[in-house]
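> what follows is a predicted protein model with its sequence.
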Number of protein chains: 2
Amino acid sequence: MVFPSTTLAQLGRSALFAGMPPAEIAAIVAHSRELTFDQGACLFLEGEPATTIYLLLEGHVRLARLAPTGKQVIMHLFGPGEELAVIAALSKIPYPADAEAATTVRALAWPSAPMLDLLYSHPRLAVNALRVVTARYVTLQSRHQNLATRSVEQRIAAELLRLAQEEGSPNGRSLPLSAPLARQDIADLIGATLYTVSRICSAWEQAGIIQTHNRQIVIHDPAALRAIVDEL
Amino acid sequence: MVFPSTTLAQLGRSALFAGMPPAEIAAIVAHSRELTFDQGACLFLEGEPATTIYLLLEGHVRLARLAPTGKQVIMHLFGPGEELAVIAALSKIPYPADAEAATTVRALAWPSAPMLDLLYSHPRLAVNALRVVTARYVTLQSRHQNLATRSVEQRIAAELLRLAQEEGSPNGRSLPLSAPLARQDIADLIGATLYTVSRICSAWEQAGIIQTHNRQIVIHDPAALRAIVDEL
DNA sequence: CGCTGTTTTGAAGGATTTCAATCGATGTGG
DNA sequence: CCACATCGATTGAAATCCTTCAAAACAGCG
């Protein structure tokens, strides 16, 4: 297996391996395989033992839990550069949710066992992992608060702005989101129904605040969304 | 400062210090002070730099965020033996929520700075911290799913059962919760209003499922609550 | 015993869901 | 290249759950 330097560099830039000695990163890469998943493919299922860690190179992954009623709740939407399954694998617990490829996905995958040893020999890795989990916790906490206190409209606005912020590309006033988001995805993300989301989004589209085409969303008026979030 | 052996033993049993060499634990204890907070007192506020870590010895602490509308959302309810502020302190981020003493509280407190060094010299500590944060994440994830998919009635039932489970004392069919829970607290915990919670709880009291007296809750029929959660 | 804060209860209103049906777009095979 | 099938999006109307507002009942506690 060949490791293009770009891949190695990518690993070094990732939150999990930041500051790790290149030799160690190389050792980890040596254990990794590059995998491809078709849209809709499943990376892992809730309850499975967490034996694999992923680093997304390309594409998006939905981390979601399926309620007994059939309703899905998206816990996190992963984009390129993000680590998947870190929480479960490094804590030796089963995957707490399902992971499904939202688009075609290219990812680096490696067994978690060798990482667990590294966790003890390389404190920096453990501290990084702690940071990754913490960041995810804070994000979820914020979304939880939104779900408990804000209207559907406000939650959609807040979520779109959050996703836009992660992209970090203020492209001349119009922010395109790289993640493909169907109405149903938005609904699962904010805890609402497809129908309410559709009504709100099409109203926004009329108003020129956003524009959607085939699951691709472009935010034309971020200020309007922010105003909706801050409303009342 | 004197360190009764009970305190040292308590630290050793805590999730954060499990498996650490006693000498290290002693060193940590050496930096700690025992503090007391009156009911309603504030341990820290959202946004403050996280300079202190707490280990609850006695009493309960509400970790909550206050929304701009004035609505409170309880993120976690801490009981004796639980660590507070681990997430923020070890990741060097500001406290992400307010902490308020729900009862009179006795806690061990120590500055986070020395812990941060230990994090690098004692991988076991880092791994433990990772486990603590992970556990909290999984719990929040589960509550988030409940909020998104279940009715108020189901959420109250689920939350009471969760709290009962944490106590771990199946005391001859009737489970008393050690944490004092006012109607408002339950509401803040599950994301509902005081009024709806009151209606449901008093109905359950009529039915003999639970019993409440001055914020103390006793579950008489856990099976009935479980049935409500599993409903539909 | 009065005071303050919590709990209960009622009635009205509102936000979201649910159900049902239509529309549109995308992609496929004839 | 069109017709059809499929999947997602939209829209309407009714139902529901929950909140909101208001007021009374009921503690604990000085």
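Nice, I can see it.
> please save the CA atoms from stretch A:19-39 in PDB.
Output in PDB follows, covering the C-alpha atoms of stretch A:19-39 (Å, rounded to 0.1, in the frame of the first residue of the first chain):
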ATOM      1  CA  GLY A  19       1.000  17.500  17.300                       C
ATOM      2  CA  MET A  20       1.800  13.800  17.100                       C
ATOM      3  CA  PRO A  21       5.300  12.800  15.900                       C
ATOM      4  CA  PRO A  22       5.200  12.100  12.200                       C
ATOM      5  CA  ALA A  23       6.700   8.700  12.800                       C
ATOM      6  CA  GLU A  24       3.700   7.700  14.900                       C
ATOM      7  CA  ILE A  25       1.300   9.100  12.400                       C
ATOM      8  CA  ALA A  26       3.000   7.100   9.700                       C
ATOM      9  CA  ALA A  27       2.700   4.000  11.900                       C
ATOM     10  CA  ILE A  28      -1.000   4.600  12.200                       C
ATOM     11  CA  VAL A  29      -1.400   5.200   8.500                       C
ATOM     12  CA  ALA A  30       0.400   1.900   8.000                       C
ATOM     13  CA  HIS A  31      -2.500   0.100   9.600                       C
ATOM     14  CA  SER A  32      -5.100   2.000   7.600                       C
ATOM     15  CA  ARG A  33      -6.900   1.200   4.400                       C
ATOM     16  CA  GLU A  34      -8.700   3.600   2.200                       C
ATOM     17  CA  LEU A  35     -12.300   2.600   1.700                       C
ATOM     18  CA  THR A  36     -15.100   3.900  -0.500                       C
ATOM     19  CA  PHE A  37     -18.800   3.800   0.300                       C
ATOM     20  CA  ASP A  38     -21.600   4.400  -2.100                       C
ATOM     21  CA  GLN A  39     -24.300   6.900  -1.200                       C
END
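> stretch A:93-109: which residues count as buried?
For stretch A:93-109, the neighbour count (16 or more other Cβ atoms under 10 Å in any protein chain shown) marks A:95-103, A:105, A:107-109 as buried. In short, each C-beta sits where N, CA and C put it, glycine included.
> so how far is it from its chain's centroid?
Stretch A:93-109 sits 10 Å away from the centroid of its parent chain (Cα atoms, centre = their mean, to the nearest Å).
> compute the first-to-last residue distance for that stretch.
One end of stretch A:93-109 sits 18 Å from the other (Cα to Cα, to the nearest Å).
> tell me the angle the longest helix seen in chain A makes with helix B:123-149.
Looking across chain A with DSSP state H, the single longest helix is helix A:123-149. Angle, helix A:123-149 to helix B:123-149, by axes from the mean of the first three to the mean of the last three Cα atoms, to 10 degrees: 20 degrees.
> next, the angle from the helix or strand that helix A:123-149 is followed by to helix A:123-149.
Going down the chain from helix A:123-149, the next helix or strand is helix A:152-167, by DSSP states H and E. For helix A:152-167 against helix A:123-149, the angle between stretch directions is 160 degrees (the same axes, to 10 degrees).
> next structured bit after the helix or strand of chain A with the lowest mean pLDDT?
Least confident helix or strand of chain A, by mean pLDDT, DSSP states H and E, is helix A:5-13 with a mean of 65. Scanning forward in sequence from helix A:5-13 by DSSP H and E, the next helix or strand is helix A:22-31.
> could you point out which element follows that following helix?
Counting by DSSP H and E, what follows helix A:22-31 is strand A:33-37.
> tell me which strands that following strand pairs with, and in which orientation.
strand A:105-111 (antiparallel) (DSSP bridges).
> what lies in contact with the strand it pairs with?
Here strand A:105-111 makes contact (Cβ atoms under 8 Å, 6 or more residues apart in numbering or on different chains) with A:7, A:11, A:28-29, A:31-37, A:41, A:43, A:51-61, A:84.
> of the residues you listed, keep whichever come out buried.
Using 16+ other Cβ under 10 Å, the buried members of the contacts of strand A:105-111 are A:7, A:11, A:28-29, A:32, A:37, A:43, A:52-57, A:59-61, A:84.
> contact residues of chain A facing DNA strand C?
A:S151, A:V152, A:E153, A:G191, A:A192, A:T193, A:Y195, A:T196, A:R199, A:H213, A:N214 (Cβ under 7 Å from any atom of the strand).
> what about A:G19, neighbour count?
Residues near A:G19, counting by other Cβ atoms under 10 Å in any protein chain shown, number 10.
> oh sorry, the question was meant for A:A18
Neighbours around A:A18, by other Cβ under 10 Å: 16.
> the longest helix of chain A: which residues count as buried?
A:123-134, A:136-138, A:140-141, A:143-149.
> rewinding a little: want to throw the buried residues of stretch A:93-109 into TSV with pLDDT and distance to A:R162?
Output for those, formatted as TSV (pLDDT from 0 to 100; distance: Cβ to Cβ, whole Å):
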residue	pLDDT	distance to A:R162
A:Y95	97	24
A:P96	97	21
A:A97	97	19
A:D98	97	22
A:A99	97	20
A:E100	96	20
A:A101	95	21
A:A102	95	16
A:T103	94	19
A:V105	95	21
A:A107	95	23
A:L108	93	25
A:A109	95	27
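> now, which of the residues you listed sits nearest B:P21?
A:P96 (31.4 Å; Cβ to Cβ).
> and the buried residues of stretch A:93-109, which two are furthest apart?
A:P96 and A:T103 (22.8 Å).
> how about the residues of chain A near DNA strand D?
Checking chain A against DNA strand D by Cβ under 7 Å from any atom of the strand, the hits are A:A182, A:R183, A:Q184, A:L194, A:Y195, A:S198, A:R199, A:C201, A:S202, A:E205, A:T212, A:R215.
> which of the residues you listed are buried? Put it as a ChimeraX command.
Per 16+ other Cβ under 10 Å, the buried members of these correspond to this ChimeraX selection:
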select /A:183,201,212
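> let's see which of the residues of chain A next to DNA strand D end up in helices.
A:R183, A:Q184, A:L194, A:Y195, A:S198, A:R199, A:C201, A:S202, A:E205.
> ok, back up a step: JSON lines for the residues of chain A next to DNA strand D, including pLDDT?
Putting the residues of chain A next to DNA strand D into JSON lines (pLDDT from 0 to 100) gives the following:
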{"residue": "A:A182", "pLDDT": "97"}
{"residue": "A:R183", "pLDDT": "98"}
{"residue": "A:Q184", "pLDDT": "97"}
{"residue": "A:L194", "pLDDT": "98"}
{"residue": "A:Y195", "pLDDT": "98"}
{"residue": "A:S198", "pLDDT": "98"}
{"residue": "A:R199", "pLDDT": "98"}
{"residue": "A:C201", "pLDDT": "98"}
{"residue": "A:S202", "pLDDT": "97"}
{"residue": "A:E205", "pLDDT": "97"}
{"residue": "A:T212", "pLDDT": "95"}
{"residue": "A:R215", "pLDDT": "93"}
